[in-house]
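> no FASTA, just this:
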């Protein structure tokens, strides 16, 4: 079985002395898969009616566990945003009915951001659609191949984040 990367490597192997064809094939395929997954996410986000930043805020709230709430400071830190930038992002989510902001014990300085049932449903719909697309990509691999690929990719990720 051949793919576009095989053609790419074959072309460049004849042009560049010292080209490692295996390295070129691995990196080329990783880049191609990255673009494919980014495109899939863009399509599923569009179908879900979400922007990437909206998905990330909903994701952080969902990740917090029941009752799916956090302080604005916690959210800002997790998202790498200032409190002001986060506040600007929360407003449209609140208007869409996906989150609520409430004062803790009547103290306006202590705010909690909570995922609503509508926000959770929106997040789950998107995650399900994205998961289906990812499953379609991996369906070609056996469970053992998936485990092997996951292990090899972990090795690379650990190396880049060490």
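Received, thanks. Computed from a prediction, not measured in an experiment: that's the story for all the values here. Numbering: from 1, shown residues only.
> apart from its neighbours in sequence, what residue is nearest residue 122?
Using CB to CB, 6 or more residues apart in numbering and skipping residues adjacent in sequence, the residue nearest residue 122 is residue 98, 5.8 Å away. For glycine as for every other residue, the C-beta is placed from the backbone atoms N, C-alpha and C.
> that neighbour: how many residues sit nearby?
Residue 98 has 23 neighbours, counted by other CB atoms under 10 Å.
> quick check: pLDDT value at it.
Per-residue confidence at residue 98 stands at 96 (pLDDT).
> quick one: buried residues of the helix or strand hosting residue 27?
Residue 27 belongs to helix 21-48 when assigned by DSSP states H and E. Under the neighbour-count criterion of 16 or more other CB atoms under 10 Å, helix 21-48 has 24, 28, 29, 40, 41, 44, 45, 48 buried.
> state the mean pLDDT of it.
If you average the pLDDT over helix 21-48, you get 92.
> now do whatever helix or strand residue 120 lives in, average pLDDT.
Taking DSSP H and E as the criterion, residue 120 maps to helix 117-138. Within the predicted structure, the mean pLDDT of helix 117-138 is 93.
> same for the following helix or strand past that helix, what does it pack against?
Taking DSSP H and E as the definition, the helix or strand that follows helix 117-138 towards the C-terminus is helix 143-161. Packed against helix 143-161 by the contact rule (3 or more CB pairs under 8 Å, 6 or more residues apart in numbering; DSSP states H and E) you find no helix or strand.
> ok, the residue lying closest to residue 64 once chain neighbours are set aside to residue 59 distance?
Residue nearest to residue 64 in three dimensions, not counting chain neighbours: residue 70, with 5.1 Å by CB to CB, 6+ apart. Taking CB to CB, to the nearest Å as the measure, residue 70 falls 12 Å from residue 59.
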